[in-house]
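Colleague: What would the 3D arrangement of this be:
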Amino acid sequence: MDVYVEYENGYVTSIDLECAEGTHCQVSRQIWAYLNGERKTLDFPVFMKGTAFQKAVWRAAMTIPYGQTRTYREIAHMIGNKNAYRAVGSALGKNPLLIKVPCHRIIKSDGSIGGFSGNVHLKKRLLEIECQHAC
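Modeller: From the prediction side, this is the model:
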């Protein structure tokens with residue numbers, strides 16, 4: 001895959017991906033379309049490598065619709081373990097499939113942002129992107 005970046009006055013003005021057809025191309029295109037607000041779901045196949053609990057949390061996170069949020073407590077209820085909201089946070093922190101498993105959509109019960117395995121600024125930006133196109 002080739003990446004072409006254009007700059008103007010020290011700022012990136014355009015990014016273009018060019019690649020032969022294949023899964024890695026499909027993944028790149030879907031992620032770029034998501035980041036540009038052109039796509040609300042990512043349908044490329046993934047293999048989740050983790051504990052049974054982590055996988056349950058990640059699957060629950062994948063059910064949260066684009067532009068919406070749930071709390072750590074709500075995810076704990078969804079997986080049938082209502083008191084495991086701290087463990088839910090820990091499992092989300094080990095999510096290796098950011099964006100595909102949208103752990104950025106999970107916030108604290110008080111409405112604050114909570115943590116994020118990428119970083120909190122990235123979590124806020126992903127939520128802003130989704131809200132621009134769905135809220």
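
Colleague: Which residue, neighbours along the chain excluded, lies closest to residue 37?
Modeller: Spatial nearest neighbour of residue 37, excluding adjacent residues (C-beta to C-beta, 6 or more residues apart in numbering): residue 133 at 4.1 Å. Just so you know, the C-beta spots here come from the backbone N, C-alpha and C atoms, and that holds for glycine as well.

Colleague: got the domain boundaries for this protein?
Modeller: 2-35, 52-134 (automatic domain parsing).

Colleague: Could you tell me the least trusted of the ones you listed?
Modeller: Looking at these, the lowest mean pLDDT belongs to domain 2-35 (a mean of 71).

Colleague: quick one, phi psi at residue 101?
Modeller: Per-residue torsions, residue 101: phi -100, psi 100 (degrees, to the nearest 10).

Colleague: follow-up on the earlier one: just put the domains of the chain in TSV and tack on distance to residue 41 and mean neighbour count.
Modeller: TSV is the format used below for these (distance: least, C-beta to C-beta, whole Å; neighbours: other C-beta atoms under 10 Å):
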stretch	distance to residue 41	mean neighbour count
domain 2-35	8	11
domain 52-134	7	17
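
Colleague: Please tell me how far the residue nearest to residue 37 sits from residue 33.
Modeller: Separation of residue 133 from residue 33 (C-beta to C-beta, to the nearest Å): 11 Å.

Colleague: Give the full set of residues in contact with the residue most central in space within the chain.
Modeller: Nearest residue to the geometric centre of the chain (C-alpha atoms, centre = their mean): residue 99, 2.2 Å. With contact taken as C-beta atoms under 8 Å, 6 or more residues apart in numbering, residue 99 is in contact with 31, 34, 42, 126.

Colleague: Fine by me, we can end here.
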